Structures are given as C-alpha cells and as structure tokens.
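Peer 1: Need the 3D shape of this:
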Amino acid sequence: MKKILLASKAILGAGLIIIFLQSCKNETKQEDPKEVAEDANEAKFDSIDSKEDDSEFLVDQAEINLAEIEIGKLAQQKGTNAEVKKFGKMLVDEHTKSASEVSALAKAKNFTLPTSLTEEGQEEYKKLNEKSGLDFDKKFADMMIDGHQKAIDKLQKAAKDAHDEDVKLWATNNIAGLTSHLEHAKLLKQNLDKK
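Peer 2: Modelled structure (predicted):
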C-alpha cells in the first residue's frame, strides 16, 4: 500500500512539473514585433483614427524594409546568378535608406515601429533559405515580384489616402523607386526562366 501511495505521489509530482514547465514555456514566447508596434500605436492614438491609419502604413513599411534587407543579404550569400547577387546588394542599400527615412518620419510623428524581423518576414526568409542553386534564384525573383507589387499597392493607397501630409508625400516619392525594383525583378525572372 505504501508503494502505491509513493508511486502516485511521484506521478502527481511529475505531472505538476510538466504543467509548470509548459506554462513557463508559453510565457517566454516573444510577441511579433509588428503586433507590439501596432498595439503601442493603437494605445497612443485610440481616439484619432487618422493617426492610427498612418501609423499602420509606416509599420508596414518598416516591416517591408526589415524583410527586404535580410532577404537581400541572403541573396548575396546564396545566389548563384550574378544578377541575383547584384539585386540583393541593391535591396540592402535601398531598403536601409528607406528604413532610415521611415524611422525618422515615425519618430517625428511619435509612431512606434517594429525593430526586428516580424513573424511573416521570418517565414518568408525561411522559405527562401530552404532553396539552393537555381531554385533559390528563381524563388528569390518570384518573391521580389510579389513583394514589390504589394509594397507599391500600399504606397499608392497611402499617397492617396494618408491623412498626414508628410506621410502622403513620403509615399508618393517612393512609388517610382519601388516600381523600378519591380521591373528589375521581372527582367531577372525572365532571364532565370530561360535557364
């Protein structure tokens, strides 16, 4: 009887330790940097929808810049095509400049931005990093076309709908640059598809 009682206490104790470890594990999961920034902006501008909309646009731009910089670095490392490596370098240079502009604009408007790669950015990076050789180069070109098209759509919307004149002007001024990136990516894809 004593053995059964001791065994049940041991099982109960082990169960409690597992529950404790599970709850600790759940508590340490980091929140997505994009969500943290959006929550901070929502708290600041809860009663001012126009500021909240403009802050969301800048959060999106910061997210795009962070992802493009990391993907550009990856393209320089893993790309097998010289044009892919060149495009990767251009991405790092251009999006680092853009990130600096977005950061300054956000600071002037008291908007909070993500400062590290978001969950979506990490997922895209991981998908690309799993590829190698020509598959990597082609996946990179496809991602650049898709990503730049989405970014241009967001810029065009902000250029038309942003409430803050500085945000509207920044969006307007950056459409041409991203359109150029998109055209470059399409040419890159055409050349890679021939291989």
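Peer 1: Distance from stretch 131-151 to the middle of the chain?
Peer 2: From the chain centre to the centre of stretch 131-151 is a distance of 15 Å (Cα atoms, centre = their mean, to the nearest Å).
Peer 1: Show me the contact partners of it.
Peer 2: Here stretch 131-151 makes contact (Cβ atoms under 8 Å, 6 or more residues apart in numbering) with 61, 64, 67-68, 71, 75, 78-81, 84, 87-88, 91, 124, 127-128, 178, 181-182, 185-186, 188-189, 192-193, 195. Quick note: C-beta positions are derived from backbone N, CA and C, even for glycine.
Peer 1: any idea of the pLDDT on residue 36?
Peer 2: On the pLDDT scale, residue 36 is placed at 64.
Peer 1: now swap in the one 4 residues further on and tell me
Peer 2: With respect to pLDDT, residue 40 has a value of 63.
Peer 1: domain parsing for the chain?
Peer 2: Following automatic domain parsing, the chain resolves into domains at 1-30, 31-193.
Peer 1: would you list these in CSV and tack on mean neighbour count?
Peer 2: CSV is the format used below for the domains of the chain (neighbours: other Cβ atoms under 10 Å):
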stretch, mean neighbour count
domain 1-30, 9
domain 31-193, 17
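Peer 1: quick one: which of the ones you listed has the weakest pLDDT on average?
Peer 2: What stands lowest among the domains of the chain, in mean pLDDT terms, is domain 1-30, with a mean of 44.
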